[in-house]
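[1] here is my input, please return the structure:
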Amino acid sequence: MPAKRFTTREMIAKLISFDTTSRNSNLALIAFVEDYLSSHGIASRLIANEDDTKANLFATLGPADKAGGIVLSGHTDVVPVDGQDWSSDPFTVVERDGKLFGRGTSDMKSFIGAALAAVPDFLARGPEIPIHFALSYDEEVGCLGVRPMIDAVIRTLPKPQVVIVGEPSDMKVVNAHKGIRSYKTTVTGLEFHSSQTHQGVSAIQYAAELIGHLMTLGQEMRARGDASGRFSPPFTTISVGIVKGGTAVNIIPKACSFQWEYRSLPDADPEEIITRFNAFAETEVLPRMKAVFDGAKIETVARAASPGLAPMDGDPGETLVMKLAQCNSAEAVSYNTEAGLFQLADIPTVVCGPGSIDQAHKPDEFIALSQIAECELFMARLAEHVGRR
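    The predicted structure follows:
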């Protein structure tokens, strides 16, 4: 099979053409990448989900049994475009005004595209240090796919020097980010005529009290602030994103649910907020509900959890990435990535990728061509670093 070659622009366009919204399969994209790498004599390992509808891909260039490798990590899924007002087809790359538009251009198929397009360059250098590709599924819905890949593959590798997670960072090196926990709380009360409030249990009323408690906790977190002075906003945040409940204005509502999250500083106790919320629900709110109706309930289930990334100042892997990116200092960001999970596996990890988080998840998502050019230079420097001297 002749080796296939793509420019970075062509590779990005190809990756964007696969609608890998998290609710869909990513297998067509993975099959394309597997075939492309195979044409260069590179074998891929697929780690599928339980029902074989999605897969991670792991592949190595160079000596796979050698420690000190570089892991290039990226997620293949994207967020939905439903209800967004796009000027063009989200899954067809359009170039205008020095930018590429399309879902995933910034978050984060341009990094994957630049890395894959550089494969012939990496191989031409005869890498003495391994380069590992780690492409995951379902990052956008809780960093789900990367976990089995870390367990099945990454932990068994000779220890890499560093993982580079290519989330959009304007090609700056990020060595710290917040963790995230998200939950769905369902309040079950008792329906009654709205004129008889003393006999019913309003699920909406008590859900509002719980949400109010979250806002109080949020104000406390704000007052605590961020001792490092690096994050924006400079505190652990709490947010309620969806509230559903009620059937009619003259019916005391039986059910109300709300989805909420918090993004904690990397040095904060990730259990504090959920522990305090549950205690308030169980000791302060539920007894008053049950005093009217014994069948009343407050149920909170976890939806997603991903750890923060803590800085490892002076780590050789971080120093290497700063050299490749030509940065003099590292940044901290408030969004979450898969980086914290790699760090939990005891592998030094940083975030560095093209594009801006300000464009992620929006209609007419784009990446500046100048950012792609910077990422291409980054890959060229990486090829020189891993190649024979």
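[2] now do the strands in the stretch 51-200 of the chain.
    Under the criterion DSSP state E, counting those that start in this stretch, the stretch 51-200 of the chain contains strands at 55-61, 70-75, 94-96, 99-101, 131-136, 162-165, 174-177, 179-188, 192-193.
[3] next, format the ones you listed as CSV and append mean neighbour count and distance to Glu220.
    Quick note: C-beta positions are derived from backbone N, CA and C, even for glycine. Supplementary listing: the strands of the stretch 51-200 of the chain in CSV, determined by neighbours: other C-beta atoms under 10 Å; distance: least, C-beta to C-beta, whole Å:
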stretch, mean neighbour count, distance to Glu220
strand 55-61, 24, 39
strand 70-75, 27, 33
strand 94-96, 14, 46
strand 99-101, 22, 41
strand 131-136, 24, 35
strand 162-165, 27, 31
strand 174-177, 26, 22
strand 179-188, 20, 16
strand 192-193, 15, 35
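[4] show me this protein divided up by domain.
    By the record's domain assignment, the chain is partitioned as 8-177+308-386, 179-306 (automatic domain parsing).
[5] now the longest one: how far from the chain's centre is it?
    Mean-position distance between domain 8-177+308-386 and its chain equals 11 Å (C-alpha atoms, centre = their mean, to the nearest Å).
[6] now do it: distance from first to last residue.
    Across its full length, domain 8-177+308-386 reaches 20 Å end to end, with C-alpha to C-alpha, to the nearest Å as the criterion.
[7] quick one: contacts for the residue nearest to Pro80 when sequence neighbours are not counted?
    When the adjacent residues along the chain are set aside, Pro80 lies closest to Thr21, with 5.2 Å between them (C-beta to C-beta, 6 or more residues apart in numbering). Taking C-beta atoms under 8 Å, 6 or more residues apart in numbering, we find Thr21 in contact with Asp77, Val78, Val79, Pro80, Val81, Arg103.
[8] now do Asn26
    Here Asn26 is in contact with Phe18, Thr20, Lys54, Ala55, Thr76, Asp77, Tyr137 (criterion: C-beta under 8 Å, 6+ apart).
[9] now render these as TSV, adding pLDDT and distance to Ser264.
    Conversion of the contacts of Asn26 to TSV gives the following (pLDDT from 0 to 100; distance: C-beta to C-beta, whole Å):
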residue	pLDDT	distance to Ser264
Phe18	98	33
Thr20	98	29
Lys54	98	28
Ala55	98	31
Thr76	98	27
Asp77	98	24
Tyr137	98	25
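[10] so which of those residues sit within helices?
    Secondary structure of these is defined by DSSP state H; no position falls in helices.
[11] between those residues, which has the most around it?
    Neighbour counts for those, by other C-beta atoms under 10 Å, peak at Tyr137, which reaches 29 neighbours.
[12] might one say that that one is in contact with Arg147?
    No. Under the criterion of C-beta atoms under 8 Å, Tyr137 makes no contact with Arg147, lying 10.7 Å away.
[13] in ChimeraX, how would I select just the buried ones from the contacts of Thr21?
    Selecting only the buried members of the contacts of Thr21 in ChimeraX, with burial defined as 16 or more other C-beta atoms under 10 Å, works like this:
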select :77,78,79,81,103
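[14] of the contacts of Thr21, which is the nearest to Pro160?
    The shortest separation between Pro160 and any of these is 23.3 Å, and it belongs to Asp77 (by C-beta to C-beta).
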